[in-house]
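S.K.: Quick one, structure for this:
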Amino acid sequence: MSAAPSDPATWTEDNHPPRVNCVLVCGGVWHDMDFARLELLKLLAEDPRVRTRVFEDYENIEAIRNADILITYTCDVTPSLPAQEALRDWVAAGGRWYALHGTNSVLRLMDDGIWDAPRWAPLFMELLGSQFISHPPIAPYKVTVADPGHPLVKGVQPFETTDELYHLEMHGRLHVLLETECTEEGTGFREAADAPGTQPVFYIKQRGKGAVLYNTLGHCRGHYDLQPMAAWWPTVDRCAWDLPVFYDLLRRGIGWLKDREPKAD
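M.R.: Coordinates of the predicted model:
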């Protein structure tokens, strides 16, 4: 087949690009999953090649194995060990995964009212390249470019966002694209004191023929999203979702996903 024309209106049965099968995992707690899910689906729908299946967790292992690309926006959603092994093998074989915000979180509220980040999924966190540990109160902070020559951030200027600044426990070698300087300890978390210092915001973690692209930005919360812990949250928080640069990073990441090596027939 010859190269397909770029304009979808001119695609034909004999001259069209291949379908891209996407899995979107969006679910968990303490976030406006409806908002994040809809925004990500709208971005994916900008390319008519992409056909997306949506799940709240990772347990449809067959769907993951058959996916060309994977996007996740979760909080405290830990895959079973068989799902973790399937994700590991899928990435190693050439899969590309865009993991957003709380994908790397495991959270438990202890009897003393302090949040803990138990190390219950080492395979999962090693694959992602990091595990969430804590964050200071939501407040403005500056994001800077760590590798200005990389296509995923080329031309992106330093910017300020009001978001959760993630303190991460890193796993393995990361290619950091965006970063920030943290000067505050986390609040209400067991391991908050070790947080200050340079923290990655946007990075790539290679594994085998594939890779994970991680973006810690993108907190969102509506009035009803702390139930049952609290019946009402007083504000609607959109954080980095209010910034055009965040949507630019989302689109660039989706483009990076689709630029993978195609699977063999």
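
S.K.: ok, which stretches of the stretch 151-265 of the chain are helices?
M.R.: When assigned using DSSP state H, counting those that start in this stretch, the helices of the stretch 151-265 of the chain occupy the ranges 244-258.

S.K.: now the strands for it?
M.R.: Applying DSSP state E, counting those that start in this stretch to the stretch 151-265 of the chain gives strands spanning 159-163, 167-170, 175-182, 197-207, 210-215.

S.K.: Need the winner for burial among those.
M.R.: Greatest average neighbour count among these goes to strand 210-215 (a mean of 24), per mean count of other CB atoms under 10 Å. In short, each C-beta sits where N, CA and C put it, glycine included.

S.K.: so where's the chain uncertain?
M.R.: Where the chain drops to pLDDT under 70, the residues are 1-5, 262-265.

S.K.: Out of the strands of the stretch 151-265 of the chain, which gets nearest to Val106?
M.R.: Closest approach to Val106 among the strands of the stretch 151-265 of the chain (CB to CB): strand 167-170, 11.1 Å.

S.K.: Could you please name the strands that closest one pairs with and the direction of each pair?
M.R.: Looking at strand 167-170 with DSSP bridges, its partner strands are strand 130-134 (antiparallel).

S.K.: Direction-wise, compare the strand it pairs with with strand 197-207 and give the angle.
M.R.: Compare the direction of strand 130-134 with that of strand 197-207 by axes from the mean of the first three to the mean of the last three CA atoms, to 10 degrees and you get 150 degrees.

S.K.: Please work out the angle formed by the directions of the helix or strand that comes right after strand 130-134 and strand 159-163.
M.R.: The first helix or strand that comes after strand 130-134 along the chain, using DSSP states H and E, is strand 139-145. Angle between the axes of strand 139-145 and strand 159-163 is 140 degrees (criterion: the same axes, to 10 degrees).

S.K.: Quickly note the distance from Pro234 to Met33.
M.R.: For Pro234, the distance to Met33 equals 19 Å [CB to CB, to the nearest Å].

S.K.: more crowded one of those two?
M.R.: Residue environment comparison for Pro234 versus Met33 gives the larger neighbour count to Met33, 19 against 7, counting by other CB atoms under 10 Å.

S.K.: surely that one meets Gly27?
M.R.: Yes - taking contacts as CB atoms under 8 Å, Met33 lies within contact range of Gly27: 5.9 Å.

S.K.: hang on, the earlier thing: so which of the strands of the stretch 151-265 of the chain comes closest to Ile71?
M.R.: Taking those one by one with CB to CB, strand 210-215 is closest: 9.6 Å.

S.K.: The closest one - contacts with which helices or strands?
M.R.: Using 3 or more CB pairs under 8 Å, 6 or more residues apart in numbering; DSSP states H and E, the elements in contact with strand 210-215 are helix 81-92, strand 96-100, helix 122-128, strand 197-207, helix 244-258.

S.K.: mind listing what the spatially most central residue of the chain touches?
M.R.: Within the chain, the residue whose C-alpha comes closest to the C-alpha centroid is Leu100; the distance, by CA atoms, centre = their mean, is 1.5 Å. Contacts for Leu100 were tallied using CB atoms under 8 Å, 6 or more residues apart in numbering; they are Ala36, Ile71, Thr72, Tyr73, Tyr214, Asn215, Leu217, Gly218.

S.K.: Using a markdown table, lay out these together with distance to Thr10.
M.R.: Converted to a markdown table, these look like this (distance: CB to CB, whole Å):
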| residue | distance to Thr10 |
| --- | --- |
| Ala36 | 34 |
| Ile71 | 28 |
| Thr72 | 34 |
| Tyr73 | 34 |
| Tyr214 | 36 |
| Asn215 | 33 |
| Leu217 | 36 |
| Gly218 | 35 |
